[in-house]
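Visitor: sequence and predicted structure, then a few things I'm wondering about:
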Amino acid sequence: MTAARFDAPAPTSPAIRYGRPSYAHREGVAFRIVRLVWLAARFARRESVTVADYQRRFGVSLRSFHRDIALLRAGGFYIDTATPATYHMLSFLADADQA
């Protein structure tokens, strides 16, 4: 067992303050990737995404939400609006274009 010394002098060196990790910065690329992956995962599970849920989780603007949706659409996701504030991914049959 070690003996504790409560009368030892306090350190005089300044405390080291570390910055936030790159994914935690709102302006960082990694934060946007995290948002896109979260959206893609929700859509892949056939869950609807509301603007309020997105803003509550990430604390970003409505414009950022629309940019992320536009980026997913450009990437090949077929995303539709159920209501003005609710989005979901459409699923198509393989032969739907043939009909």
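Guide: Happy to help now that I have it.

Visitor: report the buried residues of stretch 60-69.
Guide: 60, 64-65, 68-69 (16 or more other CB atoms under 10 Å). All C-beta atoms are positioned from the backbone trio N, CA, C, and that covers glycine.

Visitor: where do the helices sit along the chain?
Guide: In the chain, the segments counted as helices under DSSP state H are 29-44, 51-58, 62-74.

Visitor: now distance to residue 89 and mean pLDDT too, for those helices, in a markdown table please.
Guide: Formatted as a markdown table, these follow (distance: least, CB to CB, whole Å; pLDDT from 0 to 100):
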| stretch | distance to residue 89 | mean pLDDT |
| --- | --- | --- |
| helix 29-44 | 4 | 90 |
| helix 51-58 | 15 | 92 |
| helix 62-74 | 9 | 92 |
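
Visitor: residue 86: which of those is closest?
Guide: Closest of the helices of the chain to residue 86 is helix 51-58, at 7.8 Å (criterion: CB to CB).

Visitor: that closest one packs against which elements?
Guide: Judged by 3 or more CB pairs under 8 Å, 6 or more residues apart in numbering; DSSP states H and E, the packing partners of helix 51-58 are helix 29-44, helix 62-74.

Visitor: let's see 10 Å
Guide: helix 29-44, helix 62-74, strand 86-89 (3 or more CB pairs under 10 Å, 6 or more residues apart in numbering; DSSP states H and E).

Visitor: next, the angle helix 62-74 makes with that helix.
Guide: Put simply, helix 51-58 runs at 100 degrees to helix 62-74, going by axes from the mean of the first three to the mean of the last three CA atoms, to 10 degrees.

Visitor: buried set for helix 51-58?
Guide: By neighbour count on 16+ other CB under 10 Å, the buried set for helix 51-58 is 51, 54, 58.
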